[in-house]
Structures are given as structure tokens and as C-alpha cells.
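Engineer: structure of the sequence below:
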Amino acid sequence: GKKTVLIDADFCRARLTRHFSEVGVKSQSVLEGYLAGKTDEEGLVIATQHPLMDFIGAGAEKASAPHAFRSPRMIELIAKLKASYDVVLFDAPPVLPVNDAVALSPLVNLRLLVINAGKTLQRNIHHALTKMDPSRQTLIGIVLNQVSHASSPPAVRSCASRPGLPVSCNSDRRQVLLAI
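Structural biologist: Now for the predicted structure:
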């Protein structure tokens, strides 16, 4: 296992922050407040029920804030986190509606695109990849969420039965990772 910090960087929805709050993991300080200069680092990183994973909450659901991700405070925070953790993982908002993920992209080493199977149009996937391209960061794969066995393309339907394919499914086949 690697020591990991998971950061909810989706200020619009803050789904991870809500999830962790529901299971009793609550932040004294949140990323939005820290980046705005309202709080310091104390209480920003919180332990979870998993011994190798810590968490940073987004804050209250607010509008997109790409300028905050380009701030000197964010750059400083990432440097500190990289020194303390093996993996610094950001959950960013969708690429197309807001520019937050694009603003974060130059600050990370690798990217993973998450798309909704059966809902995300191919042209939108291409547009998202093009929008992210200026950062020239490595795309390590695409996660297909909400995969239904019946509506999946044949390559996805057979992912569990064909060893060697760069595709893996979770047990309920609702999420698929296509490694590139």
C-alpha cells in the first residue's frame, strides 16, 4: 500500500466531501477556505478509516474556481503533499462544463478521464481530451462509469473473460478502466 491523500477538488458538487462527512470524517478546514486564505493548513488534511489514506474536503458547494487552483497557495500545498505522500489524488469536476480540471492539469503528473458509459458522447470525449491537451500530461486511462453489461461494446462485455486486454472491470461491472 502507498500512503495516499485524496483531495476533493470539485467545488461545484463536493460529492467526496459529502460522502466522507456521512461516514464521520469531517474537516476543520477545507480546500476552498485554504486557497482563499481564510484558513491555514491546520486541520486541512484529515485521517480516514483507511490507515494509508487521508482526505482534504472541498468545502461548501460553490461555483467553479480555476483561479484558486493556479494560486501560489495551491502550488505550495501540492509541494508539501508530494513530500509527505506517495500518491496525491485529485477528484476534479467534469472537464467540459468548467475549467477547474484544466487549471489543475499542469500541477499533476498523470491524468485519468472518467466518462459515463452510454451517456457521454464520443465527440465530448474527444473535446475533453483536446481541452486537457495543452498541459501535455500523460493520460493513463479512461474509467467508464455506469457500465451495463447488455449495452456495453463487445470489448467491454468480454473484459473479464479475456486475459491480457488492458481493460479491467469491478465485480458489479458498473465501472471499467481502459488502460492506454
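
Engineer: if you count residues, which helix in the chain comes out on top?
Structural biologist: Counting by DSSP state H, the longest helix found in the chain is helix 72-84.

Engineer: so how far is that one off the chain centroid?
Structural biologist: Mean-position distance between helix 72-84 and its chain equals 17 Å (CA atoms, centre = their mean, to the nearest Å).

Engineer: which SSE is immediately downstream of it?
Structural biologist: For helix 72-84, the following helix or strand on the C-terminal side (DSSP states H and E) is strand 87-91.

Engineer: export that following strand as CSV, just CAs?
Structural biologist: The C-alpha trace of strand 87-91 is given here as CSV (Å, rounded to 0.1, in the frame of the first residue of the first chain):
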residue,chain,number,x,y,z
VAL,A,87,0.2,9.5,-4.1
VAL,A,88,-1.6,12.8,-4.2
LEU,A,89,-5.0,12.2,-5.9
PHE,A,90,-7.4,14.9,-7.0
ASP,A,91,-11.1,14.4,-7.8
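
Engineer: please name the bridge partners of the residue nearest to the spatial centre of the chain.
Structural biologist: When CA atoms, centre = their mean is applied to the chain, the residue found nearest the centroid is residue 91 (2.2 Å). Judged by DSSP bridges, the bridge partners of residue 91 are residue 8.

Engineer: quick check: it touching residue 11?
Structural biologist: No: between residue 91 and residue 11 there is no contact under CB atoms under 8 Å: 11.1 Å. Glycine gets a C-beta too; all of them are placed from N, C-alpha and C.

Engineer: so what does the longest helix of the chain touch, helix or strand wise?
Structural biologist: Other helices and strands packing on helix 72-84, by 3 or more CB pairs under 8 Å, 6 or more residues apart in numbering; DSSP states H and E, are strand 4-8, helix 31-35, strand 87-91.

Engineer: can you do 6 Å?
Structural biologist: Contact here means 3 or more CB pairs under 6 Å, 6 or more residues apart in numbering; DSSP states H and E; on that basis helix 72-84 packs against no helix or strand.

Engineer: got the angle between that helix and strand 87-91?
Structural biologist: Angle of helix 72-84 versus strand 87-91, following axes from the mean of the first three to the mean of the last three CA atoms, to 10 degrees, is 140 degrees.
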